[in-house]
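Asks: this one's sequence-less:
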């Protein structure tokens, strides 16, 4: 039952991901390990969606072809509802996208892409909220501490954010937050 599912993962949409990972023509193997893996995948989709709140204002040489990915996902879904292939296309794209600097010039395209994903899969990615102004200020302070190599204070701020359910991926000049 749904209440049994939510005893093991905090969001019942993980079950939707689990179902979509298998072709409707094949028997799906439902077990808690697969459910937890589906929940992890759902969280990666949500963290991808949260990137729309973290766009860089500076020009980036990297741009993303959202329409191409939409086309590939649509092709998969139009091929006998091949949702496993559609999710694989999405995962490949997210892996390329995640650690790149996302230019604010593509904000509208990203928003449209997330809406497309919600229309196709119903994951509610468009409802992923931004972090609070206080958490943004903590991130800004943490980046400053990292730049001055005040690792102790930087770690202290990271721990505070983690206690708020916010994780951080660091790159040389940037931080990417995600929900834990």
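Replies: Good, I have the coordinates. Note that the coordinates shown come from a computational prediction; the quantities given were computed from them, not determined experimentally.

Asks: residue 154: what's it in contact with?
Replies: Listed by Cβ atoms under 8 Å, 6 or more residues apart in numbering, the contact partners of residue 154 are 142, 145-146. Quick note: C-beta positions are derived from backbone N, CA and C, even for glycine.

Asks: can you rerun that using 10 Å?
Replies: Taking Cβ atoms under 10 Å, 6 or more residues apart in numbering, we find residue 154 in contact with 141-148, 168, 170.

Asks: for it, give me phi and psi.
Replies: With angles defined as degrees, to the nearest 10, residue 154 shows backbone torsions of phi -60, psi -50.

Asks: any idea how far residue 175 is from it?
Replies: Look at residue 154 and residue 175: by Cβ to Cβ, to the nearest Å, they are 10 Å apart.

Asks: what do these two both touch?
Replies: By the contact definition Cβ under 10 Å, 6+ apart, residue 154 and residue 175 are jointly contacted by 142-143, 146, 168.

Asks: ok, of those residues, which one's closest to residue 160?
Replies: residue 142 (9.0 Å; Cβ to Cβ).

Asks: wait, that closest one sits on residue 168?
Replies: Yes: the pair residue 142 / residue 168 is scored as a contact, 7.5 Å apart, by Cβ atoms under 10 Å.

Asks: ok, these two, which is more surrounded?
Replies: Set side by side, residue 142 and residue 168 show more neighbours around residue 142, with 22 against 18, by other Cβ atoms under 10 Å.

Asks: which of the helices or strands spans that one?
Replies: Under the criterion of DSSP states H and E, residue 142 resides in helix 133-147.

Asks: list the contacts of that helix.
Replies: 53-54, 130-132, 150-158, 160-161, 164-166, 168, 170, 172-177.

Asks: go on, stretch 24-37?
Replies: 4-5, 7-9, 14-15, 17-22, 38, 80-84.

Asks: hmm, try it at 7 Å
Replies: 5, 8-9, 14-15, 18-19, 22, 81 (Cβ atoms under 7 Å, 6 or more residues apart in numbering).

Asks: now, the most widely separated pair of those?
Replies: 8 and 81 (26.7 Å).

Asks: contacting residues for residue 109?
Replies: Contacts for residue 109 (Cβ under 7 Å, 6+ apart) come out as residue 66.

Asks: let's have the chain start at 573 instead
Replies: Let's use 573 as the start, then, which means that last one is residue 681.

Asks: would you list the phi and psi of it?
Replies: phi -60, psi -40.

Asks: can you report how many residues neighbour residue 583?
Replies: Other residues within reach of residue 583, judged by other Cβ under 10 Å, total 17.
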